[in-house]
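my questions concern the predicted model and sequence given below.
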Amino acid sequence: MIPINLPQTDEKEIEMVIEVLKSGVLTDRLGNGPMVRRFEGEFARFVRTKHAIAVNNGTAALHMALLAAGVTMGDEVIMPSFTFVATAEAVALAGAKPVFVDIDPPTYNLDPQKIEDVITAKTKAVMPVDLYGLSADMEVIKETAQKHDLVVVEDSAQAHGAVYKGKPPGYFADIACWSFYASKNMTTGEGGMVTTNDDEYAAKLRQIRSHGEKEEYKSFMIGHNYRMPEIEAAIGCAQLRKLPKFVEERRRNAGLLTEKLSGIKRLQLPMESRGYKHSWYLYTVRLEGADASERNKIVDKLRKRAIGATVYYHTPVHLMPYYRQFGEYRLPEAERAAQQVFSLPIHPGVTSEEIGYIGDSMMRLLK
């Protein structure tokens with residue numbers, strides 16, 4: 001099977017982990033171990049931000065960001081429904097209400113023109129998602145947020161190495177959140193990061209990460225145990241140095257697959273508009289005019305050919321059982337995309353020959 005994603009590790013990650021084990025420091029009471037601080041500094045430089053706070057997963061990063069931004073019971077947070085559930089989950093964990101808006105069909109990202117339609121006196125923040133590795137239209141989103149005094153929390157969990165108008169993810173946000181889950185463009189196994197240029201947010205984030213403490217056994221605010229272990233940070237340091245090459249290889253594979261699939265009439269291929277640099281976490285195509293049943297049959301046939309085609313995401317969050325309590329929504333673009341999209345493998349471990357095989361298989365199935 002050609003997997004949809006595969007961690008790319010070698011002796012360097014092993015060396016870094018051994019360095020931690022030999023040091024005897026596996027974690028730190030406040031989450032500030034030497035390897036964590038090293039990883040934070042290197043990641044902050046990579047994404048050109050002032051502060052980077054390492055945490056134990058991407059969902060923790062989202063939850064912390066909302067708490068630091070003051071999102072609480074009774075507040076509303078605007079976000080897309082066509083995303084992984086963690087984005088909405090973090091809002092619910094903060095005690096607030098997720099308010100779902102529709103997507104821009106070509107990009108699958110939150111449609112900035114829909115934001116003002118749902119702003120109320122209770123709206124506290126907007127959470128765009130850089131879906132599949134393509135940045136949301138952050139400059140427009142930021143302008144709308146500033147107009148209404150809203151905090152922008154960018155979910156960049158899938159956008160390592162992306163570029164928007166010459167800037168990395170998080171540049172136009174108040175706070176950005178990252179995931180280092182095993183499938184991501186770079187990984188620490190689990191793990192996440194919160195980045196910001198705001199000193200006050202950074203101070204709060206560091207307290208929230210470790211039970212609201214500024215110093216041991218003195219809690220100044222509500223917090224959690226969201227600390228990143230030293231071994232994860234060590235893997236992150238090794239992976240971050242490889243990330244530019246990983247993204248380059250993903251971009252190469254995406255280009256090759258686009259060439260192979262460009263002649264299939266029913267297949268809408270992923271886009272990269274001028275001013276954007278896709279990081280290609282996922283190469284997502286769309287079977288135009290299909291319903292979920294037809295799409296799923298194609299995915300099943302690809303998997304029988306040992307191609308790890310996968311659907312991200314077959315159920316928009318607003319239609320999930322738990323999240324129906326937050327209101328009834330009609331989001332036709334999100335619902336249509338959920339029935340028609342599927343993703344194909346293009347990670348750095350996929351060879352040119354395998355890209356050719358994937359393309360040929362798609363043409364045979366859809367001609």
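That came through fine. The structure presented is a predicted model; accordingly, all values stated were derived computationally and were not measured.

and the helices in the chain?
Along the chain, counting by DSSP state H, helices occupy 11-23, 34-46, 58-68, 86-93, 115-118, 138-147, 199-209, 230-261, 292-304, 332-340, 352-366.

now tabulate the ones you listed in CSV and tack on distance to residue 161, mean pLDDT and mean neighbour count.
Yep, even glycine has a C-beta here, placed from its N, CA and C like the rest. Putting the helices of the chain into CSV (distance: least, Cβ to Cβ, whole Å; pLDDT from 0 to 100; neighbours: other Cβ atoms under 10 Å) gives the following:
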stretch, distance to residue 161, mean pLDDT, mean neighbour count
helix 11-23, 18, 98, 14
helix 34-46, 9, 98, 19
helix 58-68, 16, 98, 27
helix 86-93, 20, 98, 23
helix 115-118, 26, 98, 14
helix 138-147, 16, 98, 17
helix 199-209, 23, 98, 20
helix 230-261, 4, 98, 20
helix 292-304, 26, 98, 15
helix 332-340, 24, 98, 19
helix 352-366, 19, 96, 16
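
ok, residue 276 - contacts?
134, 135, 162, 163, 164, 165 (Cβ atoms under 8 Å, 6 or more residues apart in numbering).

residue contacts, the residue nearest to the second one when sequence neighbours are not counted?
The reference is to residue 135. Spatial nearest neighbour of residue 135, excluding adjacent residues (Cβ to Cβ, 6 or more residues apart in numbering): residue 164 at 3.7 Å. Residues in contact with residue 164 (Cβ under 8 Å, 6+ apart) are 135, 138, 139, 171, 172, 275, 276, 277.

if you set the cut-off to 6 Å instead, what comes out?
135, 138, 276 (Cβ atoms under 6 Å, 6 or more residues apart in numbering).

just residue 339 next, same as before
291, 292.

check what pLDDT residue 291 gets.
Note for residue 291: predicted pLDDT of 97.

nearest to residue 334, of the contacts of residue 164?
residue 135 (18.4 Å; Cβ to Cβ).

give the contact list for that closest one.
162, 164, 169.

burial of the last one, as a residue count?
Read it as residue 169. Using other Cβ atoms under 10 Å, residue 169 is surrounded by 30 other residues.

just give the nearest non-adjacent residue to it, would you?
Per Cβ to Cβ, 6+ apart, closest to residue 169 is residue 156, 3.9 Å.

ok, that neighbour to residue 181 distance?
For residue 156, the distance to residue 181 (Cβ to Cβ, to the nearest Å) stands at 13 Å.

those two: who's more crowded?
Higher neighbour count among residue 156 and residue 181: residue 156, with 29 against 19, using other Cβ under 10 Å.

next one: that one, what pLDDT does it get?
So residue 156 comes in at 98 (pLDDT).

mind listing what it touches?
130, 169, 170, 176, 178.

the same query, at a cut-off of 10 Å, please.
47, 58, 61, 128-130, 133, 135-136, 138, 162, 168-170, 173, 176-179, 193, 195, 279 (Cβ atoms under 10 Å, 6 or more residues apart in numbering).

could you do residue 322 as well?
Residue 322 touches 85, 88, 89, 92, counting by Cβ under 10 Å, 6+ apart.

for the third one, give me its contacts.
Applying Cβ under 10 Å, 6+ apart to residue 89 gives the contacts 59, 62, 63, 98, 317, 322, 323.

then residue 277?
Counting by Cβ under 10 Å, 6+ apart, residue 277 makes contact with 133, 134, 135, 161, 162, 163, 164, 165, 166, 168, 247, 251.
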